[in-house]
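*Asks:* missing the sequence, but the structure's below:
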(Lines give C-alpha, C1' and ligand atoms only; values in the text may rest on other atoms or scores of the structure.)
Protein backbone atom coordinates (compact mmCIF):
# COMPACT_ATOMS: atom_id res chain seq x y z
CA UNK A 1 0.00 0.00 0.00
CA UNK A 2 1.08 3.57 -0.64
CA UNK A 3 1.56 5.84 2.37
CA UNK A 4 -0.86 8.27 0.69
CA UNK A 5 -3.99 6.14 0.65
CA UNK A 6 -5.17 3.89 -2.17
CA UNK A 7 -2.62 1.41 -3.54
CA UNK A 8 -0.28 3.21 -5.89
CA UNK A 9 -1.26 0.98 -8.81
CA UNK A 10 -4.92 1.96 -8.55
CA UNK A 11 -4.90 5.16 -10.61
CA UNK A 12 -2.38 4.00 -13.17
CA UNK A 13 -3.87 0.53 -13.42
CA UNK A 14 -7.35 1.77 -14.31
CA UNK A 15 -6.00 3.98 -17.08
CA UNK A 16 -3.69 1.27 -18.39
CA UNK A 17 -6.56 -1.20 -18.62
CA UNK A 18 -8.54 1.22 -20.76
CA UNK A 19 -5.60 1.83 -23.09
CA UNK A 20 -4.83 -1.86 -23.46
CA UNK A 21 -8.45 -2.74 -24.19
CA UNK A 22 -8.65 -0.17 -26.97
CA UNK A 23 -5.21 -0.62 -28.41
CA UNK A 24 -4.17 -4.24 -28.59
CA UNK A 25 -4.57 -6.11 -31.83
CA UNK A 26 -2.43 -4.07 -34.17
CA UNK A 27 -2.74 -0.72 -35.84
CA UNK A 28 -4.91 0.14 -38.81
CA UNK A 29 -3.53 1.71 -41.93
CA UNK A 30 -4.59 4.60 -44.08
CA UNK A 31 -4.94 4.79 -47.81
CA UNK A 32 -2.04 4.28 -50.15
CA UNK A 33 0.20 1.36 -51.00
CA UNK A 34 3.23 2.53 -49.07
CA UNK A 35 5.48 2.16 -52.12
CA UNK A 36 7.34 5.11 -53.62
CA UNK A 37 6.08 5.94 -57.09
CA UNK A 38 2.96 3.80 -56.86
CA UNK A 39 0.52 6.64 -56.24
CA UNK A 40 -2.30 7.44 -58.58
CA UNK A 41 -1.56 10.32 -60.99
CA UNK A 42 -2.15 13.84 -59.68
CA UNK A 43 -5.79 14.85 -60.11
CA UNK A 44 -5.02 18.54 -60.62
CA UNK A 45 -4.29 19.65 -64.14
CA UNK A 46 -1.61 22.23 -64.77
CA UNK A 47 -3.02 25.70 -64.20
CA UNK A 48 -6.05 24.40 -62.32
CA UNK A 49 -6.78 26.24 -59.06
CA UNK A 50 -7.83 24.29 -55.99
CA UNK A 51 -8.42 24.95 -52.28
CA UNK A 52 -7.18 22.78 -49.41
CA UNK A 53 -8.69 22.97 -45.93
CA UNK A 54 -6.41 22.81 -42.89
CA UNK A 55 -7.51 22.47 -39.26
CA UNK A 56 -4.96 23.81 -36.78
CA UNK A 57 -4.62 25.43 -33.36
CA UNK A 58 -0.98 26.54 -33.73
CA UNK A 59 -0.49 30.18 -32.68
CA UNK A 60 0.42 32.38 -35.60
CA UNK A 61 -0.39 29.72 -38.21
CA UNK A 62 -2.10 32.36 -40.37
CA UNK A 63 1.28 33.95 -41.14
CA UNK A 64 2.92 31.07 -42.99
CA UNK A 65 -0.36 30.05 -44.63
CA UNK A 66 -0.80 33.58 -45.99
CA UNK A 67 2.77 33.41 -47.33
CA UNK A 68 2.01 30.09 -49.05
CA UNK A 69 -1.14 31.53 -50.63
CA UNK A 70 0.79 34.50 -52.00
CA UNK A 71 3.52 32.32 -53.47
CA UNK A 72 1.41 29.35 -54.60
CA UNK A 73 -1.67 30.88 -56.25
CA UNK A 74 -2.83 27.60 -57.80
CA UNK A 75 -3.17 25.82 -54.43
CA UNK A 76 -4.91 27.94 -51.83
CA UNK A 77 -4.98 26.78 -48.20
CA UNK A 78 -7.85 27.84 -45.95
CA UNK A 79 -7.18 27.54 -42.22
CA UNK A 80 -9.91 26.69 -39.74
CA UNK A 81 -8.90 27.24 -36.13
CA UNK A 82 -9.88 24.36 -33.85
CA UNK A 83 -9.90 24.34 -30.07
CA UNK A 84 -7.14 22.35 -28.38
CA UNK A 85 -8.83 22.39 -24.96
CA UNK A 86 -9.45 18.93 -23.57
CA UNK A 87 -8.80 17.20 -26.87
CA UNK A 88 -11.72 18.97 -28.58
CA UNK A 89 -9.80 19.19 -31.86
CA UNK A 90 -9.38 15.42 -32.05
CA UNK A 91 -12.99 14.68 -31.20
CA UNK A 92 -13.96 16.99 -34.05
CA UNK A 93 -11.51 15.34 -36.44
CA UNK A 94 -12.61 11.80 -35.61
CA UNK A 95 -16.25 12.83 -36.02
CA UNK A 96 -15.48 14.35 -39.42
CA UNK A 97 -13.72 11.17 -40.54
CA UNK A 98 -16.72 9.06 -39.55
CA UNK A 99 -19.07 11.48 -41.32
CA UNK A 100 -16.93 11.36 -44.46
CA UNK A 101 -16.10 15.08 -44.53
CA UNK A 102 -12.70 15.65 -42.89
CA UNK A 103 -10.44 18.51 -43.98
CA UNK A 104 -7.51 17.90 -46.32
CA UNK A 105 -4.93 18.45 -43.59
CA UNK A 106 -4.87 18.58 -39.81
CA UNK A 107 -2.59 19.51 -36.96
CA UNK A 108 -2.03 16.27 -35.02
CA UNK A 109 0.36 15.72 -32.13
CA UNK A 110 2.86 12.86 -32.24
CA UNK A 111 1.08 11.15 -29.37
CA UNK A 112 -2.21 11.10 -31.25
CA UNK A 113 -1.14 9.99 -34.73
CA UNK A 114 -1.62 6.25 -33.95
CA UNK A 115 -5.18 6.91 -32.76
CA UNK A 116 -6.12 8.14 -36.23
CA UNK A 117 -4.75 4.97 -37.77
CA UNK A 118 -7.35 2.99 -35.84
CA UNK A 119 -10.13 4.52 -37.95
CA UNK A 120 -8.04 4.58 -41.16
CA UNK A 121 -8.19 8.35 -41.08
CA UNK A 122 -4.75 9.29 -42.40
CA UNK A 123 -3.20 9.01 -45.83
CA UNK A 124 -0.03 6.97 -46.28
CA UNK A 125 2.22 9.68 -47.69
CA UNK A 126 4.97 7.27 -48.69
CA UNK A 127 2.99 6.51 -51.83
CA UNK A 128 3.33 10.18 -52.83
CA UNK A 129 7.07 10.54 -52.32
CA UNK A 130 7.20 11.54 -48.63
CA UNK A 131 10.29 9.50 -47.85
CA UNK A 132 12.50 11.65 -50.03
CA UNK A 133 11.99 14.48 -47.52
CA UNK A 134 13.15 12.46 -44.50
CA UNK A 135 16.59 14.08 -44.23
CA UNK A 136 15.07 17.54 -43.84
CA UNK A 137 13.84 16.67 -40.35
CA UNK A 138 15.15 15.50 -36.98
CA UNK A 139 15.31 11.73 -37.14
CA UNK A 140 13.35 10.70 -34.05
CA UNK A 141 10.61 13.23 -34.78
CA UNK A 142 10.23 11.94 -38.34
CA UNK A 143 10.01 8.40 -36.94
CA UNK A 144 7.05 9.26 -34.70
CA UNK A 145 4.73 9.04 -37.71
CA UNK A 146 6.39 6.13 -39.48
CA UNK A 147 4.99 2.60 -39.11
CA UNK A 148 6.69 -0.06 -41.20
CA UNK A 149 7.16 1.42 -44.65
CA UNK A 150 4.29 3.87 -44.23
CA UNK A 151 4.62 7.61 -43.47
CA UNK A 152 1.50 9.21 -42.03
CA UNK A 153 2.52 12.81 -41.23
CA UNK A 154 5.23 15.46 -41.62
CA UNK A 155 6.84 16.54 -38.32
CA UNK A 156 6.51 20.17 -37.31
CA UNK A 157 8.01 20.76 -33.88
CA UNK A 158 9.00 19.32 -30.52
CA UNK A 159 8.95 20.52 -26.92
CA UNK A 160 12.12 19.76 -24.95
CA UNK A 161 11.39 20.46 -21.30
CA UNK A 162 13.00 22.82 -18.81
CA UNK A 163 12.25 24.57 -15.53
CA UNK A 164 10.94 28.15 -15.78
CA UNK A 165 11.81 30.02 -12.56
CA UNK A 166 11.05 33.36 -10.93
CA UNK A 167 14.73 34.12 -10.50
CA UNK A 168 14.12 37.32 -8.54
CA UNK A 169 12.08 35.64 -5.81
CA UNK A 170 14.20 32.52 -5.45
CA UNK A 171 17.34 34.63 -5.34
CA UNK A 172 15.79 36.89 -2.69
CA UNK A 173 14.88 33.85 -0.60
CA UNK A 174 18.26 32.16 -1.06
CA UNK A 175 16.83 29.15 -2.92
CA UNK A 176 19.01 27.60 -5.60
CA UNK A 177 17.50 26.17 -8.79
CA UNK A 178 17.06 22.48 -7.92
CA UNK A 179 19.38 20.17 -9.85
CA UNK A 180 17.78 16.96 -8.57
CA UNK A 181 14.26 15.90 -7.65
CA UNK A 182 15.33 15.59 -4.00
CA UNK A 183 16.49 19.21 -4.15
CA UNK A 184 13.22 20.10 -5.87
CA UNK A 185 11.28 18.78 -2.88
CA UNK A 186 13.46 20.81 -0.51
CA UNK A 187 12.90 23.90 -2.65
CA UNK A 188 9.13 23.31 -2.49
CA UNK A 189 9.35 23.26 1.32
CA UNK A 190 11.39 26.47 1.37
CA UNK A 191 9.00 28.29 -0.97
CA UNK A 192 5.99 27.28 1.15
CA UNK A 193 7.63 28.90 4.17
CA UNK A 194 7.54 32.12 2.17
CA UNK A 195 3.79 31.78 1.57
CA UNK A 196 4.06 30.82 -2.09
CA UNK A 197 4.14 27.56 -4.05
CA UNK A 198 6.90 26.17 -6.21
CA UNK A 199 4.57 24.44 -8.67
CA UNK A 200 1.17 22.89 -9.33
CA UNK A 201 0.22 19.32 -10.15
CA UNK A 202 -2.34 19.57 -12.93
CA UNK A 203 -4.41 16.40 -12.77
CA UNK A 204 -5.74 16.68 -16.30
CA UNK A 205 -2.38 17.40 -17.93
CA UNK A 206 -1.58 13.90 -19.12
CA UNK A 207 0.85 15.25 -21.71
CA UNK A 208 3.16 16.73 -19.08
CA UNK A 209 2.85 13.68 -16.85
CA UNK A 210 3.93 11.56 -19.83
CA UNK A 211 6.99 13.79 -20.22
CA UNK A 212 7.94 13.34 -16.57
CA UNK A 213 7.54 9.57 -16.86
CA UNK A 214 9.54 9.64 -20.11
CA UNK A 215 12.43 11.35 -18.32
CA UNK A 216 12.33 8.74 -15.55
CA UNK A 217 12.81 5.93 -18.05
CA UNK A 218 9.24 4.78 -18.63
CA UNK A 219 8.22 2.95 -21.82
CA UNK A 220 4.46 3.11 -22.19
CA UNK A 221 4.10 1.65 -25.68
CA UNK A 222 6.03 -0.74 -27.85
CA UNK A 223 5.32 -2.86 -30.89
CA UNK A 224 5.74 -6.62 -30.72
CA UNK A 225 5.25 -7.95 -34.23
CA UNK A 226 1.70 -7.01 -35.23
CA UNK A 227 0.62 -6.14 -31.70
CA UNK A 228 0.93 -3.18 -29.39
CA UNK A 229 2.10 -3.74 -25.82
CA UNK A 230 0.90 -1.18 -23.30
CA UNK A 231 2.60 -0.66 -19.92
CA UNK A 232 1.99 2.60 -18.07
CA UNK A 233 2.23 0.93 -14.66
CA UNK A 234 5.98 0.37 -14.72
CA UNK A 235 8.38 1.26 -11.92
CA UNK A 236 9.48 4.52 -13.56
CA UNK A 237 5.93 5.82 -13.92
CA UNK A 238 4.98 4.79 -10.38
CA UNK A 239 8.10 6.56 -9.10
CA UNK A 240 6.94 9.78 -10.74
CA UNK A 241 3.36 9.36 -9.51
CA UNK A 242 4.49 8.66 -5.95
CA UNK A 243 6.84 11.66 -5.96
CA UNK A 244 4.14 14.12 -7.02
CA UNK A 245 1.58 12.41 -4.80
CA UNK A 246 3.85 12.98 -1.85
CA UNK A 247 4.21 16.69 -2.64
CA UNK A 248 0.42 16.98 -2.93
CA UNK A 249 -0.23 15.05 0.29
CA UNK A 250 2.08 17.36 2.25
CA UNK A 251 0.51 20.42 0.59
CA UNK A 252 3.85 21.54 -0.76
CA UNK A 253 2.41 22.31 -4.21
CA UNK A 254 -0.90 23.43 -5.63
CA UNK A 255 -3.32 21.26 -7.60
CA UNK A 256 -4.93 23.80 -9.92
CA UNK A 257 -4.86 23.13 -13.70
CA UNK A 258 -1.98 24.84 -15.45
CA UNK A 259 -2.55 27.28 -18.31
CA UNK A 260 -5.99 28.26 -17.07
CA UNK A 261 -7.21 31.46 -15.41
CA UNK A 262 -6.33 30.67 -11.78
CA UNK A 263 -2.87 29.49 -12.82
CA UNK A 264 -2.21 32.60 -14.89
CA UNK A 265 -3.18 34.75 -11.91
CA UNK A 266 -0.77 32.88 -9.63
CA UNK A 267 2.01 33.22 -12.21
CA UNK A 268 1.36 36.95 -12.52
CA UNK A 269 1.31 37.57 -8.76
CA UNK A 270 4.23 35.35 -7.73
CA UNK A 271 2.05 32.85 -5.89
CA UNK A 272 3.54 30.24 -8.20
CA UNK A 273 7.27 30.71 -8.73
CA UNK A 274 8.15 28.00 -11.23
CA UNK A 275 6.74 25.85 -13.99
CA UNK A 276 8.03 22.62 -15.50
CA UNK A 277 7.28 23.46 -19.08
CA UNK A 278 8.44 23.00 -22.65
CA UNK A 279 10.38 25.26 -24.98
CA UNK A 280 7.15 26.76 -26.33
CA UNK A 281 6.39 28.05 -22.83
CA UNK A 282 8.44 31.19 -23.41
CA UNK A 283 5.72 32.81 -25.49
CA UNK A 284 3.03 31.61 -23.09
CA UNK A 285 4.67 33.23 -20.05
CA UNK A 286 5.69 36.40 -21.86
CA UNK A 287 2.22 36.84 -23.32
CA UNK A 288 0.29 36.20 -20.09
CA UNK A 289 2.55 37.70 -17.43
CA UNK A 290 4.12 40.74 -19.16
CA UNK A 291 4.58 42.67 -15.91
CA UNK A 292 7.02 40.01 -14.71
CA UNK A 293 9.38 40.63 -17.64
CA UNK A 294 13.05 40.29 -16.74
CA UNK A 295 12.31 38.27 -13.59
CA UNK A 296 12.26 34.80 -15.18
CA UNK A 297 15.05 32.40 -16.04
CA UNK A 298 15.17 28.86 -17.41
CA UNK A 299 17.03 26.02 -15.70
CA UNK A 300 17.43 22.37 -16.71
CA UNK A 301 14.92 19.80 -15.50
CA UNK A 302 15.89 18.26 -12.13
CA UNK A 303 17.45 14.81 -12.38
CA UNK A 304 16.61 11.64 -10.47
CA UNK A 305 20.31 11.09 -9.86
CA UNK A 306 22.88 13.83 -9.47
CA UNK A 307 25.00 14.25 -12.57
CA UNK A 308 22.56 12.57 -14.97
CA UNK A 309 21.43 14.30 -18.14
CA UNK A 310 18.06 12.71 -18.85
CA UNK A 311 15.43 15.02 -20.30
CA UNK A 312 11.98 14.80 -21.76
CA UNK A 313 9.69 16.16 -24.42
CA UNK A 314 6.26 17.71 -23.91
CA UNK A 315 4.18 18.11 -27.01
CA UNK A 316 5.29 18.34 -30.58
CA UNK A 317 3.01 17.94 -33.53
CA UNK A 318 2.74 17.11 -37.19
CA UNK A 319 0.93 18.17 -40.30
CA UNK A 320 -1.05 15.13 -41.41
CA UNK A 321 -3.06 14.55 -44.58
CA UNK A 322 -6.45 12.90 -44.19
CA UNK A 323 -7.17 9.84 -46.28
CA UNK A 324 -10.23 11.40 -47.90
CA UNK A 325 -8.38 14.29 -49.55
CA UNK A 326 -8.88 14.66 -53.30
CA UNK A 327 -5.47 16.35 -53.66
CA UNK A 328 -2.88 14.17 -51.90
CA UNK A 329 0.21 15.40 -53.73
CA UNK A 330 -0.64 19.08 -53.25
CA UNK A 331 -1.47 18.47 -49.59
CA UNK A 332 1.89 16.75 -49.08
CA UNK A 333 3.70 19.58 -50.84
CA UNK A 334 2.11 22.10 -48.49
CA UNK A 335 2.87 20.02 -45.38
CA UNK A 336 6.55 19.74 -46.32
CA UNK A 337 6.83 23.42 -47.25
CA UNK A 338 5.10 24.57 -44.06
CA UNK A 339 7.57 22.71 -41.87
CA UNK A 340 10.84 23.08 -43.77
CA UNK A 341 10.81 26.34 -45.74
CA UNK A 342 12.99 28.91 -43.89
CA UNK A 343 10.49 31.75 -44.34
CA UNK A 344 7.66 29.59 -42.99
CA UNK A 345 9.77 28.42 -40.04
CA UNK A 346 10.60 31.99 -39.05
CA UNK A 347 6.91 32.89 -39.04
CA UNK A 348 6.05 29.78 -37.00
CA UNK A 349 8.77 30.64 -34.48
CA UNK A 350 7.45 34.18 -34.24
CA UNK A 351 4.05 32.74 -33.37
CA UNK A 352 5.58 30.63 -30.62
CA UNK A 353 5.06 27.09 -31.89
CA UNK A 354 8.00 25.27 -30.29
CA UNK A 355 11.35 23.85 -31.43
CA UNK A 356 11.37 23.28 -35.21
CA UNK A 357 11.56 19.71 -36.47
CA UNK A 358 13.45 20.95 -39.52
CA UNK A 359 17.22 20.55 -39.29
CA UNK A 360 17.93 23.81 -41.10
CA UNK A 361 16.38 27.16 -41.93
CA UNK A 362 16.62 29.01 -38.60
CA UNK A 363 19.14 30.22 -36.03
CA UNK A 364 19.41 30.37 -32.26
CA UNK A 365 18.66 34.08 -32.47
CA UNK A 366 15.35 33.26 -34.16
CA UNK A 367 14.41 31.08 -31.18
CA UNK A 368 15.22 33.78 -28.62
CA UNK A 369 12.84 36.54 -29.61
CA UNK A 370 11.76 36.81 -25.95
CA UNK A 371 15.23 36.95 -24.48
CA UNK A 372 14.52 40.25 -22.69
CA UNK A 373 11.68 38.58 -20.79
CA UNK A 374 14.28 36.19 -19.38
CA UNK A 375 16.66 38.90 -18.25
CA UNK A 376 18.96 38.56 -21.24
CA UNK A 377 19.58 34.86 -20.63
CA UNK A 378 20.41 32.71 -23.66
CA UNK A 379 17.65 30.40 -22.53
CA UNK A 380 17.53 28.45 -25.76
CA UNK A 381 20.82 26.85 -24.70
CA UNK A 382 18.93 25.04 -21.93
CA UNK A 383 16.39 23.61 -24.35
CA UNK A 384 19.00 22.67 -26.93
CA UNK A 385 20.88 20.65 -24.29
CA UNK A 386 17.59 19.11 -23.20
CA UNK A 387 16.77 18.12 -26.78
CA UNK A 388 20.05 16.21 -26.96
CA UNK A 389 19.18 14.36 -23.73
CA UNK A 390 15.72 13.15 -24.76
CA UNK A 391 15.49 9.37 -25.03
CA UNK A 392 14.55 9.04 -28.68
CA UNK A 393 13.49 5.40 -28.36
CA UNK A 394 10.19 6.54 -26.80
CA UNK A 395 7.25 5.54 -28.97
CA UNK A 396 3.61 6.59 -28.83
CA UNK A 397 0.80 4.09 -29.25
CA UNK A 398 -2.88 4.06 -30.17
CA UNK A 399 -5.63 5.68 -28.09
CA UNK A 400 -3.27 8.02 -26.25
CA UNK A 401 -5.93 10.75 -26.26
CA UNK A 402 -8.32 8.35 -24.54
CA UNK A 403 -5.57 7.33 -22.13
CA UNK A 404 -5.02 10.98 -21.17
CA UNK A 405 -8.73 11.41 -20.51
CA UNK A 406 -8.90 8.32 -18.30
CA UNK A 407 -5.70 9.24 -16.49
CA UNK A 408 -7.00 12.76 -15.87
CA UNK A 409 -10.29 11.43 -14.51
CA UNK A 410 -8.48 9.06 -12.16
CA UNK A 411 -5.99 11.68 -10.96
CA UNK A 412 -8.82 14.16 -10.35
CA UNK A 413 -10.71 11.58 -8.32
CA UNK A 414 -7.58 10.77 -6.32
CA UNK A 415 -7.02 14.46 -5.50
CA UNK A 416 -10.66 14.88 -4.48
CA UNK A 417 -10.76 11.93 -2.07
CA UNK A 418 -7.20 12.10 -0.78
CA UNK A 419 -6.16 8.89 -2.52
CA UNK A 420 -2.83 8.03 -4.08
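*Replies:* Okay, I see it. Keep in mind the model is a prediction, meaning the values are calculated, not measured.
*Asks:* Show me the shaky parts of the stretch 51-200 of the chain.
*Replies:* By pLDDT under 70, the stretch 51-200 of the chain has no low-scoring segment.
*Asks:* quick one, what contacts the nearest residue to residue 90 once chain neighbours are set aside?
*Replies:* Leaving aside its sequence neighbours, residue 90 sits nearest to residue 401 (Cβ to Cβ, 6 or more residues apart in numbering; 5.2 Å). No exception for glycine: its C-beta is placed from N, CA and C like everyone else's. Residues in contact with residue 401, defined by Cβ atoms under 8 Å, 6 or more residues apart in numbering, are 87, 90, 111-112, 115.
*Asks:* closest to residue 396 among those residues?
*Replies:* residue 111 (4.6 Å; Cβ to Cβ).
*Asks:* Pull the number of nearby residues for the closest one.
*Replies:* By other Cβ atoms under 10 Å, the residues close to residue 111 number 22.
*Asks:* That one contacts residue 208, correct?
*Replies:* No. Applying Cβ atoms under 8 Å, one finds residue 111 not in contact with residue 208, separated by 11.8 Å.
*Asks:* Angles on the backbone of residue 144, please.
*Replies:* phi -60, psi -20 (degrees, to the nearest 10).
*Asks:* OK, contacts around it?
*Replies:* 110, 113, 155, 316, 318, 395-396.
*Asks:* show me where the stretch 251-400 of the chain has helices.
*Replies:* For the stretch 251-400 of the chain, the helices defined by DSSP state H, counting those that start in this stretch cover 261-269, 281-288, 328-340, 342-351, 364-367, 380-388, 400-417.
*Asks:* before we move on, back to that, which one of the contacts of residue 144 sits closest to residue 66?
*Replies:* Nearest member of those to residue 66, counting by Cβ to Cβ, is residue 318, at 21.1 Å.
*Asks:* Residue ranges in the stretch 301-420 of the chain under the pLDDT threshold?
*Replies:* Ranges of the stretch 301-420 of the chain meeting pLDDT under 70: none found.
*Asks:* Pull the number of nearby residues for residue 134.
*Replies:* Residue 134 has 12 nearby residues by other Cβ under 10 Å.
*Asks:* Contacts only, for it.
*Replies:* Residue 134 neighbours (Cβ under 8 Å, 6+ apart): residue 142.
*Asks:* so it, which of the three states?
*Replies:* helix (DSSP: H, G, I helix; E, B strand; the rest coil).
*Asks:* I'd guessed residue 296 sits against residue 372; true?
*Replies:* No. Between residue 296 and residue 372 there is no contact under Cβ under 8 Å: 10.5 Å.
*Asks:* The two: which has the busier surroundings?
*Replies:* Each of residue 296 and residue 372 has its neighbours counted (other Cβ under 10 Å); residue 296 has more, 26 against 12.
*Asks:* how close does the nearest residue to residue 413 once chain neighbours are set aside get to residue 203?
*Replies:* Nearest non-adjacent residue to residue 413, counting by Cβ to Cβ, 6+ apart: residue 419, 7.2 Å away. Distance from residue 419 to residue 203, counting by Cβ to Cβ, to the nearest Å: 12 Å.
*Asks:* Looking at those two, which is more packed in?
*Replies:* residue 203 (23 against 19).
*Asks:* Just say helix, strand or coil for that one.
*Replies:* Once three-state DSSP is applied, residue 203 turns out coil.
*Asks:* Let me see the contact set for it.
*Replies:* 255, 257, 408, 411-412, 414-415.
*Asks:* on that earlier part again, pick the most deeply packed of the helices of the stretch 251-400 of the chain.
*Replies:* Highest mean neighbour count of the helices of the stretch 251-400 of the chain: helix 328-340, a mean of 23 (counted as mean count of other Cβ atoms under 10 Å).
*Asks:* same for that one, what does it pack against?
*Replies:* In terms of contacts (3 or more Cβ pairs under 8 Å, 6 or more residues apart in numbering; DSSP states H and E), helix 328-340 is packed against strand 50-56, helix 62-71, strand 75-81, strand 105-109, strand 153-155, strand 317-321, helix 342-351.
*Asks:* what sits up against stretch 289-298?
*Replies:* By Cβ under 8 Å, 6+ apart, stretch 289-298 touches 162-169, 177, 264, 267-268, 270, 282, 285-286, 372-375, 377, 379, 382-383.
*Asks:* any chance you could map the helices in the stretch 101-250 of the chain?
*Replies:* 113-118, 139-143, 167-172, 181-193, 206-216, 235-249.
*Asks:* Compile these into a markdown table and extend it with columns for mean neighbour count and distance to residue 58.
*Replies:* Output for the helices of the stretch 101-250 of the chain, formatted as a markdown table (neighbours: other Cβ atoms under 10 Å; distance: least, Cβ to Cβ, whole Å):
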| stretch | mean neighbour count | distance to residue 58 |
| --- | --- | --- |
| helix 113-118 | 23 | 16 |
| helix 139-143 | 19 | 16 |
| helix 167-172 | 17 | 29 |
| helix 181-193 | 18 | 31 |
| helix 206-216 | 23 | 16 |
| helix 235-249 | 19 | 28 |
